[in-house]
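Peer 1: Got a predicted structure plus its sequence, pasted below:
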Amino acid sequence: MKKNVFLFVAVSIAFTLLVTGCPGERLPENAVRVVVFDRGTDGGRTNPANNRWTEWIQDRVREELDLEMSFVPVSRWVEAETQVTLLAAGRPPDVMMTWNINNVIIWGEQGGLFDMAPYVDTYLANVREFLGPDTALPGRELIFRNQNMQTGQLFSIPMRRANTARLNVFMRQDWLNYLGLPVPTTHEEFFDTLVAFRDAPSLPGVADGRVIPWTMTSDVRWQAGNIIESFIDPNLSTRDRWVYTVADRHLIVPGYKEGVRFMNRMWNAGLIDPDFGFYTDDQVLNNLIASGRVGAFGHNWDQIFRDAEGLTTNLRMIVPGAEWVVLDAFPNADGVTTRISYDPAGLFIFIPRAARNPHGAMRYLNWLAQFENFNFLQTGPEGIVHTMIDGLPRIHPTAEDGWIQNSSLNIDLTPLHNGLFLRTEEESIRALTLVYPHPAEEIMNAYNIAMRNASPGPVIATERPLIAAGPVALSLQLQAQAFLIQAVMAAEADFDRVWESGITSWMNAGARSVLEERRVNFVSPY
């Protein structure tokens, strides 16, 4: 409760300062300050706010727009909390961005954000054209995804995803081969395979018998997402699926509990890393996977291929011949393996009302929407950051000479989109396989599995903005994370009691009011 009160007070203070502003550092009249996420890439040796890429932006924008650019680093992993503080501390940056749409909605409703609607056809014309149609809301444009349907105000612009693949589950193929086991295709086969890993007297790369059949971080809902979500009732109506998704969490969506129960069964069978609850980020997880002890894990659809993490490369240095297989093993109640994919809109970009240079901020965003600009930021100089193969760029994200990309394809410097965008969609899809230092057919197989029978959660254009989640969304998400750890680790006989207690507490912490607001404001998308 104290955390909820603190967050509410912090956000309320931010509202006031967003509207009124505070004295800040003296800057040139043509200055534009932009948030950039800090992911700690390359061990933190590369400053995400001051590097070859940001220098290139500064030089080009100074020449073409007569703007002086600077970048404000914000930790990607606590960006929502940090930006509340940033807004409350003084004059905010001119361009800000967050994955927490609830904060954006409530800041806009409180008068704290700049209305971009009057500038869509002028300062933001390139942005409008680039974002294109909203595939989740037929007949609408993506730039208007968060427009207030009553007032016409536009307080944020969404990012456009190049592809919407989300999660996969990976398993050691060389262990399956060693034990003479087939690739599992059902929940029970998956469970039995992990038991076989647990009980094997020896496995490739594990000399001391300390096998970890399944590992994950404390973010259970993400890394076990494909498993847990496969238990969601496939016959739910669009209304129920949307209404019961509270603060972007599926805890009370019918069937989700049974998915967590399956994870609890895995825990009580000794199949889950006993220390998973202490892993607050991927660092320990990556080390364990690369050490060769882990039999299976879930993560981003392409996690084993990413060069920055080096999971497969580092693993093979310790266990020569180690192999992964991507599983398609979790059918729903109808016997179909379905998945939740990403919404085509992701990150949300906004301009605080107290920003010093909102028009310069929009001009910069419009500049970023031009192909020649975002293409260079994604691909960099030829021969250093990319090489051309059959007319397509192959990216080297850890390029030398200061050109390391602090985020995949520099998405933190190209916030209007996530993923590689070339001249045509066909080129972009073909080039996707060249982004990774692994065989193209392996990449496409992982992508196709992640997208098999995949669809995002329903997107509903309500008649008025939903504000109940704003003050409590972050605390509800943190509480949900802690609760899922407890539910997974409960004694099997105590699971139902722990679950009901946790859900009651979560509902009382604000989820009930969010649920009721969604129930009242649902409108059919058809």
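Peer 2: It's in. Numbering: from 1, shown residues only.
Peer 1: Can you tell me the strand partners of the helix or strand in which Asn168 is found and which way each runs?
Peer 2: Asn168 is part of strand 167-172 when elements are defined by DSSP states H and E. With DSSP bridges as the test, strand 167-172 is paired with strand 294-300 (antiparallel), strand 324-326 (antiparallel).
Peer 1: right, and the helix or strand after it?
Peer 2: Of the helices and strands lying after strand 167-172 in sequence (DSSP H and E), the nearest is helix 173-179.
Peer 1: Okay, angle between whichever helix or strand comes after that next one and strand 294-300 too, please.
Peer 2: Downstream of helix 173-179, the first helix or strand assigned by DSSP H and E is helix 187-199. Helix 187-199 and strand 294-300 are oriented at 130 degrees to each other (axes from the mean of the first three to the mean of the last three CA atoms, to 10 degrees).
Peer 1: ok, back up a step: now render the strands paired with strand 167-172 as TSV, adding distance to Leu368.
Peer 2: For the C-beta atoms, the positions are set from N, CA and C on the backbone; glycine is no exception. Putting the strands paired with strand 167-172 into TSV (distance: least, CB to CB, whole Å) gives the following:
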stretch	distance to Leu368
strand 294-300	24
strand 324-326	33
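Peer 1: Tell me where the model's unsure across this structure.
Peer 2: For the chain, the stretches with pLDDT under 70 are 1-26, 41-45.
Peer 1: tell me the domain boundaries of it?
Peer 2: Using automatic domain parsing, the domain parsing of the chain gives 2-162+345-423, 167-340+458-521.
Peer 1: now those in a markdown table, with mean neighbour count?
Peer 2: Below are the domains of the chain laid out as a markdown table (neighbours: other CB atoms under 10 Å):
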| stretch | mean neighbour count |
| --- | --- |
| domain 2-162+345-423 | 18 |
| domain 167-340+458-521 | 18 |
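Peer 1: coming back round to it: nearest to Asp174, of the strands paired with strand 167-172?
Peer 2: Nearest of the strands paired with strand 167-172 to Asp174, taken as CB to CB: strand 324-326 at 8.7 Å.
Peer 1: Any chance you could list what contacts the closest one?
Peer 2: Applying CB atoms under 8 Å, 6 or more residues apart in numbering, the contact partners of strand 324-326 are 168-173, 176, 183, 304, 312, 445-446, 449-450.
Peer 1: Now tabulate the domains of the chain in TSV and tack on distance to Tyr436.
Peer 2: Formatted as TSV, the domains of the chain follow (distance: least, CB to CB, whole Å):
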stretch	distance to Tyr436
domain 2-162+345-423	9
domain 167-340+458-521	4
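Peer 1: out of those, which comes closest to Pro437?
Peer 2: Pro437 lies closest, by CB to CB, to one member of the domains of the chain: domain 167-340+458-521, at 5.6 Å.
Peer 1: now the strands: where do they sit in the stretch 151-300 of the chain?
Peer 2: For the stretch 151-300 of the chain, the strands defined by DSSP state E, counting those that start in this stretch cover 157-161, 167-172, 212-214, 294-300.
Peer 1: what's the closest of the ones you listed to Thr46?
Peer 2: Nearest of the strands of the stretch 151-300 of the chain (CB to CB): strand 294-300, 21.3 Å.
Peer 1: Contacts for the closest one next, please.
Peer 2: Contacts for strand 294-300 (CB under 8 Å, 6+ apart): 166-172, 175, 190, 193-194, 197, 203, 211-216, 222-227, 273, 285, 288-289, 306, 327.
Peer 1: Quick check, Val336 in contact with Ser455.
Peer 2: No. Taking contacts as CB atoms under 8 Å, Val336 lies outside contact range of Ser455: 11.9 Å.
Peer 1: picking that back up, now render the strands of the stretch 151-300 of the chain as JSON lines, adding distance to Gly90.
Peer 2: Formatted as JSON lines, the strands of the stretch 151-300 of the chain follow (distance: least, CB to CB, whole Å):
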{"stretch": "strand 157-161", "distance to Gly90": "24"}
{"stretch": "strand 167-172", "distance to Gly90": "39"}
{"stretch": "strand 212-214", "distance to Gly90": "46"}
{"stretch": "strand 294-300", "distance to Gly90": "35"}
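Peer 1: and Gly255, which of those is closest to it?
Peer 2: Short answer: strand 167-172, nearest of the strands of the stretch 151-300 of the chain by CB to CB, at 17.1 Å.
Peer 1: farthest residue from the center of the protein?
Peer 2: For the chain, the largest distance from the centre (CA atoms, centre = their mean) belongs to Pro201, which lies 38.4 Å off.
Peer 1: For the closest residue to that one other than its chain neighbours, grab phi and psi.
Peer 2: Distance criterion CB to CB, 6 or more residues apart in numbering; nearest residue to Pro201, sequence neighbours excluded, is Gly209 at 7.5 Å. Taking degrees, to the nearest 10, you get phi 80, psi 0 for the backbone angles of Gly209.
Peer 1: how about the helices in the stretch 1-150 of the chain?
Peer 2: Under the criterion DSSP state H, counting those that start in this stretch, the stretch 1-150 of the chain contains helices at 2-20, 52-65, 79-89, 101-109, 125-131.
Peer 1: which other residues reach the last one?
Peer 2: Residues lying outside helix 125-131 but in contact with it, judged by CB under 8 Å, 6+ apart, are 120-121, 141-143, 157-158, 160, 365-370, 416-417.
Peer 1: ok, now stretch 240-259?
Peer 2: 102, 221, 224, 227-233, 236, 333, 457-458, 460, 469, 472-473, 476-477, 480, 483-484, 499, 503, 506-507, 511, 514-515, 518-519, 522.
Peer 1: just stretch 396-413 next, same as before
Peer 2: Residues contacting stretch 396-413 (CB under 8 Å, 6+ apart): 36-39, 41-42, 46, 48, 51-54, 57, 76, 306-308, 377-378, 380-381, 384-387, 395, 417-420, 435.
Peer 1: cool, and stretch 147-160?
Peer 2: Applying CB under 8 Å, 6+ apart, the external contacts of stretch 147-160 come out as 97, 101, 104-105, 107-108, 113-117, 120, 124, 127, 130-132, 142-146, 344-350, 365, 415-418, 461-465.
Peer 1: Could you tell me the end-to-end distance of that stretch?
Peer 2: Length of stretch 147-160, first residue to last, CA to CA, to the nearest Å: 16 Å.
Peer 1: how far out from the middle of the chain is it?
Peer 2: Averaging C-alpha positions (CA atoms, centre = their mean, to the nearest Å) puts stretch 147-160 21 Å from its chain's average.
Peer 1: ok, Asn47 - contacts?
Peer 2: Pro73.
Peer 1: measure it to Asn406 for me?
Peer 2: Look at Asn47 and Asn406: by CB to CB, to the nearest Å, they are 9 Å apart.
Peer 1: repeat for Asn148
Peer 2: In terms of CB to CB, Asn148 sits 34 Å off from Asn406.
Peer 1: next one: Gln110
Peer 2: 32 Å.
Peer 1: before we move on, what about Leu271?
Peer 2: Taken as CB to CB, the span from Leu271 to Asn406 is 36 Å.
Peer 1: Kindly report the same for Phe197.
Peer 2: Counting by CB to CB, the gap from Phe197 to Asn406 is 36 Å.
Peer 1: My guess is Thr312 contacts Phe305. True?
Peer 2: Yes. Thr312 is in contact with Phe305 according to CB under 8 Å; the separation is 6.9 Å.
Peer 1: Can you check which residues contact both of these two?
Peer 2: Going by CB under 8 Å, 6+ apart, residues that sit against Thr312 and also against Phe305 are His438.
Peer 1: quick one on the thing from earlier: if we compare the strands of the stretch 151-300 of the chain, which one ends up closest to Leu86?
Peer 2: Judging the strands of the stretch 151-300 of the chain by CB to CB, what sits closest to Leu86 is strand 157-161, at 19.1 Å.
Peer 1: Pairing partners for the closest one, with directions?
Peer 2: Strand pairing (DSSP bridges) places strand 157-161 next to strand 345-350 (antiparallel), strand 417-418 (parallel).
Peer 1: TSV please, covering the ones you listed and showing distance to Leu65.
Peer 2: What follows is these, written out as TSV (distance: least, CB to CB, whole Å):
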stretch	distance to Leu65
strand 345-350	17
strand 417-418	20
